[in-house]
Structures are given as structure tokens and as C-alpha cells.
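Novice: Structure of the sequence below:
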Amino acid sequence: MLCKHYGWKIVDVTVPEIEEMRLAHYVTIGSECTASLAPHLSKLDYGEIGWDARVALSIYGSFSSKDYLNAQRIRNRQTHFHKEIFKTADVIVTPTTGVTAYPLLSDAFDTGELDYINGAALVRFSIAGNFLGLPAITVMVGYDKGGLPIGLQFIGRPWSEATLFHLAFAMQTLCIRSYKKPQVFYDLLKKQ
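Specialist: Numbering: from 1, shown residues only. Have a look, this model is predicted:
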């Protein structure tokens, strides 16, 4: 749509080692979470937190300093890969998530959400922004067969926020007529 309407050009790129980046991101977040929570973990009542948090804390606590350092090596490598991509592309365009929202299991509200397979698919394309510190923006562009929203993400090189806002506005302008009002909607700009 952007190419047709604005004449912008698409260049195919490949981000190598996405799965390795996802795992390195997980090790980094888990290690940093454990390090920051360490003074409080002995006081934590595990009966008050969901199984999802219990499992996560258990896994995070198993990461070694060697795991963390290797994750940072992968971060460096991914930074290099992305810099190379940005030599030929202004932005990287991906789906916002690898899947649309999936139903929560019936026990999720009591025990927490433990669906790591779908969870990994959800964050598959958003990791570069978080792990590498790259600016990114997402815009709704349509709906899946079940009526759930689908987003398009623009990932930019460092300090390219103005370009990302421009792209997001242009994309939203082309798609906004197809937007559906959600079942639950509060107009925050309307005076009550």
C-alpha cells in the first residue's frame, strides 16, 4: 500500500539468527530480573504469585554468568547484522507479532499464563527493539479471520523516531477507514 500510494521502494532483507536473538534476549531479561530482585527473593511468598512467575523465577535463577556473557555476544552480533541491513534499508518492516492473540487457558487467571510456545511467537518480531535498543512503532493494518487486530511494525536505526512516526502516520492514514470500533471503547478526548 505504501509503495503504491507513495512510490516507496521495498528491499528484501533477512535478519539472521532470529531464534538465537530471542534466546539471548530471554537470558538477558531473566538474568537482569533475577539480579534486580535478588535482595527481595528471600522475602517472597511464592504462594502469592502465579505459577507463571514461579516457573520464570526458577528458570531465570538457573542462568549462569557465562550464559549472560554469551547472550551479550549475541547482542553485539545482532547489532552488527542490523547495522548492515540499515546500510540498504531505512526501516525493517515486520508483523507486530508472530501470531494474533490466542485464547487464554481457563486456569490462566488462577495460576498465570504458561503458554511459552505462543508467547515466543507473540514477541518474535518485537525483540530487536527491546534487546538492541532500536526504535520501533506499530500500526494496526487489518484483522485476521476471527476479527482480531493485525499490526505492522516499523523498526528503525538509532535516532530515527521522526521517520518512524512519519511512516506510521502514512500507514494509518491508508488503513484507518477499515478500523472497527472495539466492543469496549472509552473516548478519552470526549468530555464526560
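Novice: where does the worst-scoring helix or strand of the chain on mean pLDDT sit relative to the chain's centre, distance-wise?
Specialist: Lowest by mean pLDDT, DSSP states H and E among the helices and strands of the chain is helix 108-111, with a mean of 71. Per C-alpha atoms, centre = their mean, to the nearest Å, the displacement of helix 108-111 from the mean C-alpha position of its chain is 23 Å.
Novice: what bits of the protein have low per-residue confidence?
Specialist: Within the chain, the stretches with pLDDT under 70 are 111-114, 192.
Novice: if you set the cut-off to 80 instead, what comes out?
Specialist: 50-52, 101-122, 182-183, 191-192 (pLDDT under 80).
Novice: buried stuff in the helix or strand encompassing residue 57?
Specialist: Following DSSP states H and E, one finds residue 57 within helix 51-60. By 16 or more other C-beta atoms under 10 Å, the buried positions in helix 51-60 come out as 52, 54, 56-57, 60. C-beta here means a position set from N, CA and C on the backbone, and glycine is covered the same way.
Novice: contacting residues around residue 56?
Specialist: 30, 33 (C-beta atoms under 8 Å, 6 or more residues apart in numbering).
Novice: Got phi/psi on the residue nearest the centre of the chain?
Specialist: Nearest to the mean C-alpha position of the chain, counting by C-alpha atoms, centre = their mean, stands residue 126 at 2.6 Å. Main-chain torsions, residue 126, degrees, to the nearest 10: phi -90, psi 0.
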